[in-house]
Every structure is written in structure tokens, then in C-alpha cells.
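# Sequence plus the predicted model coming up.
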Amino acid sequence: MSDASNSLSPPAPLARLRLSLGRLGLGGNILIALLLSIASAALLIALAGKNPLDGFLAILAGAFGDTHQIGVALNRTTPYLLSGIGVAICFRAGIINLGAEGQIALGGAGAAAAALLVQTAPPIVAIVVTLAGGAIAGAAWSGVATILHLGRRVHEVLATLLLNFVALLLVQQLLAGPLGQFGAGFLQSPLMPRTAWLPKLAGLDAHIGIGIAVVAALAASFLIWRTPFGFALRVAGSSRLATTYAGFSLQKLTWGAMLLAGALAGLAGGVEVIGIHRRLIEGFSLGFGFKAVTVALLGALEPMAIVPAALFIGFLETGSLAMQRQIGVPSALVTVIEGLTMVYVLVAMAGRRT
Amino acid sequence: MAALLEMRGIVRLFGDVRANDGIDLFVHSGEILGLLGENGSGKSTLMKLLYGMLPPDAGDIRFDGAQLKGHTPFDAISAGIAMIHQHFMLIEAMTVTENILLGWPGAGQILRQKHMAAHIRDMSQRFGLDLDPDAKISSLSLGRRQRVEILKAILRDAKLLILDEPTSNLAPSEVRELLDIMRRLKSEGKGIVFISHKLPEVLDVCDRVVVLRAGKLAGAAAVADVSRNDLAEMMVGRTVPMPQVEAGDQARGPQQLSVRGLKAAGLEAITFDVRAGEILGLAGVDGNGQLELAESLAGLRSIADGSVLICGQDATTTSVAERVRLGLAYLPADRSHTALVKSMTVLDNLMLRDTMRPPYGSAALLTPAAGRAEAKVLMAEYDVRAPGPESVVGRLSGGNQQKVVIARELARKPQVVVAHQATWGLDPGATRFVLDQMIALRREGAAILYISSELEEILSISDRIAVMAGGSFAGIVPNRNVDLRQIGLWMSGRAA
């Protein structure tokens, strides 16, 4: 009856984006959500006794002020983007995977172990092997959750969420044992071999991880929109009955989505280890996995839209930390601003769902 | 006497569409009003406006002497309007009494189950409802569940009952009993709005009829003054005759669908064959194993025993996708969750089961450009009225949604078709389209199992007629000089 409203179909990519945004009930509302979060941030900075304008200027300078700051922000963006894509793939299929946190941590451990095993390999081989180690470890961890979910019918939210805590403790245990550096006084691994260090982008203080992440986003977008597997994922996210009727196997789809998400999160952990710290440190990825969920939802589960969403969070955080140093607002404020952004976005999404 | 319900000049817009365009409707106490119209003619919208689920854009509603404006369903219920939905709002694990007490402020703060049960027994006797207050809902037939809804309305002192397609799930005997109950309610002074597609029932029980077409009043008359053909013509603006297949008028080919001793949950040892170029009509009251049979054939349910042969190949344990490859098309009864993904586009739904086949794609890649071209061709061929392949299916009318399903399943040139309630909720025009498609397929040599609770459709297009009751076939006869009484007996055989 109301089809008259969408008279002519717009060009395909635009239509696709509009479709994916529209389905989540976003579109224009997300801008309102972001404006509201900026307003709340201003209020909070004012409450902390500082001038909001100074605060915002400090954020901008901290995020975009020089190539070093831009590089730091891009590095911060990378793990959010990588694991956010994985979360989006799962959410698209109707699988609520909240396990990125643990998968990133174990991915870091897997990468560190791999790097330490191939000390003598030439640089490119070392990097590939290291990142593969991270991806495999991450996928293995999401595989554990998948076995619990499919085999024992544990709800995927519980399985993925609770395994996060196990993963974090497992990494601690590894650092206290086989992966640890003896006598460091802190839970960390030995320095990674130089051959496994992730090279920097020319002219920036950023490593090439952001490039890997953007390529991953392109690949994921292609997967979701241009392959039968991606189509099946989207059907599964809309109707389980139709999925079976269409002849797709829900089990296989769940395995596919979970392993992909785990591998991407593990890759994020690996990139973090050989790109930033050059060693595995306890708690190196604290909170990354949950921010990945924020980023995925902010990007309306569309990989190409998750790129700006991740950049937004990455630059916001980098800028906010600079603001904290420069004008001396409490660091908790940054977390509060991020949290509020998330709440606004969720409200924007829920408000339109009828 | 002032009317119980008066609706005047009701207008409701959805975008540019005038779903209700200046409709007048009134109902007296002690009167049964038939509300007729095709799908999308505005019946449901009008009732939603009355029940307070939607606000009207213009018009005036007066009920029982007071104006209803900006009201909610809660206000409508307190005023004395009761809506009996097509899908019942009952909790299966609870008893009749518990369901009636549920959400009823009049039951008091302290629930007196025994007292209420006695009251229910009294009222149920008075209106001929024959309900056991202690029975669990899950043990009741659909007809009995409907009576629980009616009793709920009576106990809440409803003055006006709206029955939305109340007979679509009932056995013939249950329909007769329901019509009796309606007459009883009428004699007790209740007003009733009876929404139905089924003209004989409307003519049987109603005092007056109001017909809507495209949001406007197409006609209103006392039942005594109109014939069935008059009403049908008022509904669609033209007469829609049923097609007629001459049973056995064409040579039949080999057995394309063979079912041998099929057993599954809810099914008992079913054996039958359908030949190429033949339609086997499967009649029966809904809920007697039709869904189980259709899904077992389609591969959506596991088969406990027996075998299924599709085009001579054993398909008893093969996957859904493999059965599609063997040549099986399946039109499920559940259009909104199984046959279609409503949030996705027409193109997506057309390729739902064929993503790995040209022109939609291959095992690894989709080919959207070719798929879109194919979708445009199919939309024209099957007359799917939508702006384009990128339109979202959920926004289309029921008839157009079903056309998408039919286009997808038939474009594959299937050898075997299982169609389950393929005309459910469709108006006469769209129904005719579906039946014509089935006949065209038969001519092309497909073997068709046409499952429907509409006996008229079965009689119109089948070569042979089977009747399902209690999870098995009660009988199977050629569609020539059929003894309708025998069919009716088979249908009610084990129907509760």
C-alpha cells in the first residue's frame, strides 16, 4: 500500500546502504544521537569546571594536531575496526557474539607465541605467520563458544560473554608461565623479534594495521552483499524459518560467522601486539572487545560504515586523552562520553522499531 | 432506536493511500452485520480505528451514546467493544478459567477460581458454548479456543463483538455451531460485526451487509435483498468465476511424487502418488497433519519411517536444497516467516532458494545485475505490483507477496509442487490467479499436491481429492461426481 513512497530505486550501493541503515531504524537519527552526545560532553566538561570550548579544541588538537597524533588515533582505531567487523558479521546473522574481548586477548597470545617460534624467519614471513597465529587463536576461542552453543544449546550471549573472563585469565596464566619474561616484575612476554614488527605507514606514526583493517572491511562488505554465504547470513538474521526453507544450514552459518569473527578479533589482538607494544602485556586489550560492539552498532552493521564509526571512536579517544592531559579533566570523563554516545545510538535505533 | 455503534465519515490515510475514505457504518444492538471486502479494501483498518489501535484522520465514532475519540484499545474494551482476533490470544499451558481471569480487573484482587469456574459453567451453558472451565487450552480444538475468547468478551460485558474471519480455521460442523452461538448472542441483545470472505456464511447468519472496496463503501444492503453473486460483484467490481478442471481430461505421466508409509511426528503411515500432469487436492480441516505432511515432503521435518520419492529418486533423507535440485517446489502456508523474508527486497526473496544458480549467482558469487534483470522479467510475468526489484517485500499487499513466492517457485520449472494454503488471506482476484497458475503447471506436466482447507478450491482444480483427518488420509477419490457428504464425513471423522 505504501510502496508509492519508494518510487524509483536509487543506485545499487546507495540503495544497499539505505536498506541496511533503514532496517536498523537508523538513518537520520544517528546524527541526532551524535549531536546529543557532543552536547552531553560539553555539559560534563563544564561540570568538571573547565570551559567546554577549550575542551573541544583540545580534543581536536589532540586528535588531528600533528602527524604523530593522527598516527596514534589510527592505531587506536585499528583493533576496534577489525573486531567490529567480526561482531557485525555475527549480528547480521542474528548471532549475538559478545566474545570479541576474549578472542582479542587470546589472539594477542597466539600471535606472540607464533612470533617467538619463528625468530629466524625473514620479515614478511614472520609477520604473516604471527598474524595467522593470532587469527587462529581467536577463531579457536570463538570455536569453543560455538561448540557450547550448537552442541550443548548454551545461549550464545552467555557462552561468548563468560568465555571472555576465562580467556583473560588464561592469558595471565600464559604470561606467568611459558610466554612470560622471567624476572620482569610485570606480567609480560619477552620482546618480539624485530622481523615480526609491523612496519609503519610512510610519513605517519601509524602501523600498517589500519590498512589491513580497511581491506578487511572491504572484503567483509563484499562477503555480505555479493556472495551466497553473505546472503544466507542476512536471511538467517531476519528469519530462522526462512533460512531452513531456503536450504541453508544454520549450523554451518553459525560456524562460519563465529570463526570469521574470532579470526578477525584474533587478528586485532595480533596487530596490537606486534604493532604497538612489540610484546604481549597483561591487559593490553582491556575493553577493546566491548568497544567493538559499540563500533559495529554505530556503523549499522555495514562494514563500510563501520570504518568511519571506528575512526570516530578512535579519534575521539585519542583527542579526549589529550584533553585530559592538557586541561586536566578526569580521564573517566572520556569513558562517560563514549558510554553516553552508545546509549543515544541505542535509543535512536530502538525508537524507530515498531 | 439509536444505533449501538455509529461511525461517520471515517477517513484514514497511509501516505497517499486512502485506506478508509469517508466510510459510514452503524450497528444496532441485537444485530449481526457482515463486513465484506477484498484484501486491502480497508476492513482491518476500519476495525483498528474502532478498537483504538490507530487514530482516524477524520470522522466521528459514537458507541453506546458516547463519543470515542483518541481512545486506546483499553478504552474500547471498557466501553464494551470486544475484538476476537483470527489468532487467539490465549495461554496454552493454562486452563480456561485462568485465561478468563487473566488481565480482567472485574475478577477482583483476590482470585476465586472455584467461584469463577461455576460462573463460567453457567454462562457457557446459557450461550451454548459447552466449555469445561478446568480444561487446559492446549487440549482444546481451535473451535473451542475461539469460544473461550467469546466467553471472555461476554463476561467482560461486551456490547459489541467483532469477529475477524472467525470461521477460517473451523471444521464445517464447528462453523455451524459458531453461527448458532452468534444467533444466541444476538438474541441476548449483543451487536456483532462479522468479517468474512465466505459469502454463504455471511448470507446465512447476518442481518445486513456492508461491502468495502478500495477504502470506500461499495454497497450496503439487508441480506434478504441480495444474492451471493450481488455480493461478490460488489466486492471486486466484477464477477470472478472459479476455474474448472476436467478431471482426467489429459493423459497423465509417470509418478513424480511417491509417498510410501510416511510416518513423522503428527503423521500416521501415509501412502499416495501424484503423477505428472495431475493435481491431487488435499482437503481437510487445518491442523490435521497438513503442515506436518507438507514440511516432511519439503525436507523441513525429519521423517520417522517410510519413504518419499521425488521424480523417481529417493529423497527421504535428503536436504532441503537437494530436494529443490530434484525438482520440488514448495509454497508454505506461513508466508510471513517461512516463505518470505519480509525485511528483504523482492529481488532477495526471488533468489532466496536459488542464490547458487544462474542467473542469480554461482557457488561463490552473486551476480546482482543479472539477478535484477531476471527479477524485472518475473515481476512483469507474474504481475507483482511493486515499484521495483529493490522494494521491500513486507510493504507489499498479501496478494503481491504470494505472487513473489509463486514466481520464485514456478520460475524454476518444477516437476513436483507442494502448495499449502496457497490462497490463504487472498481476495477472489488473487485467489483466481493462484488457481490459474496451478492449472497452467498441470498442463505443463508438473505433479501438484494442492493442500487447502477451502473445499471449493479443491473441487475446482483437482484431478483427485484426498481428505486428511487426524494425521492420516481418510480417503481418496477421483474428482468426478464427488459425494460431498462423504467428503464432509471424512473431514469431520477425527476432527475434534
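Done, it's in.
# Where does pLDDT dip in chain B?
B:1, B:16, B:39-40, B:87, B:169, B:237-241, B:247-248, B:493-496 (pLDDT under 70).
# Could you name the specific helix or strand carrying the residue of it found nearest chain A?
Closest residue of chain B to chain A, CB to the nearest CB: B:Ala321 (3.3 Å). For the C-beta atoms, the positions are set from N, CA and C on the backbone; glycine is no exception. For B:Ala321, the enclosing helix or strand under DSSP states H and E is helix B:320-326.
# got the CA positions of that helix in PDB?
Provided in PDB are the C-alpha atoms of helix B:320-326 (Å, rounded to 0.1, in the frame of the first residue of the first chain):
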ATOM      1  CA  VAL B 320      16.100 -29.100   1.500                       C
ATOM      2  CA  ALA B 321      18.500 -27.800  -1.100                       C
ATOM      3  CA  GLU B 322      18.800 -31.300  -2.700                       C
ATOM      4  CA  ARG B 323      15.100 -31.700  -3.000                       C
ATOM      5  CA  VAL B 324      14.900 -28.300  -4.700                       C
ATOM      6  CA  ARG B 325      17.500 -29.600  -7.200                       C
ATOM      7  CA  LEU B 326      15.400 -32.800  -7.700                       C
END
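# List the buried residues for that helix?
For helix B:320-326, a neighbour-count test (16 or more other CB atoms under 10 Å in any protein chain shown) marks B:Val320, B:Arg323, B:Val324, B:Arg325, B:Leu326 as buried.
# re earlier: look at the nearest residue to the residue of chain B closest to chain A once chain neighbours are set aside and report its pLDDT.
Closest residue to B:Ala321 apart from its sequence neighbours, by CB to CB, 6 or more residues apart in numbering or on different chains: A:Gly247 at 3.3 Å. The per-residue pLDDT reported for A:Gly247 equals 93.
# Which residues are in contact with A:Gly247?
If a contact means CB atoms under 8 Å, 6 or more residues apart in numbering or on different chains, then A:Gly247 has B:Ser319, B:Val320, B:Ala321, B:Val324, B:Arg353 as its contacts.
# now, which of those sits nearest A:Leu148?
Taking CB to CB as the measure, A:Leu148 lies nearest B:Ser319 of the contacts of A:Gly247, at 25.3 Å.
# For the closest one, give me its contacts.
A:Gly247, A:Ser249, B:Gly299.
# what's the answer for B:Glu6, then?
Going by CB under 8 Å, 6+ apart, the list of residues near B:Glu6 reads B:Leu25, B:Phe26, B:Asp60, B:Ile61, B:Arg62, B:Phe63.
# following the helix or strand harbouring the fourth one, which helix or strand comes up?
So that's B:Ile61. Here B:Ile61 is covered by strand B:58-63, with elements defined by DSSP H and E. For strand B:58-63, the succeeding helix or strand toward the C-terminus, using DSSP H and E, is strand B:66-68.
# what about whatever helix or strand comes next after that next one, near chain A?
Towards the C-terminus, the helix or strand next in line after strand B:66-68, according to DSSP H and E, is helix B:73-79. No. Contact between helix B:73-79 and chain A, assessed by CB under 8 Å from any CB of the partner chain, is absent, since the two come no nearer than 15.8 Å.
# May I see the buried residues of helix B:73-79?
B:Ala76, B:Ile77, B:Ala79.
# Closest residue of the stretch 201-350 of chain A to chain B?
When scored by CB to the nearest CB, the stretch 201-350 of chain A has A:Gly247 as its residue closest to chain B, at 3.3 Å.
# any idea how far that residue is from B:Leu309?
With distances defined as CB to CB, to the nearest Å, the gap from A:Gly247 to B:Leu309 amounts to 19 Å.
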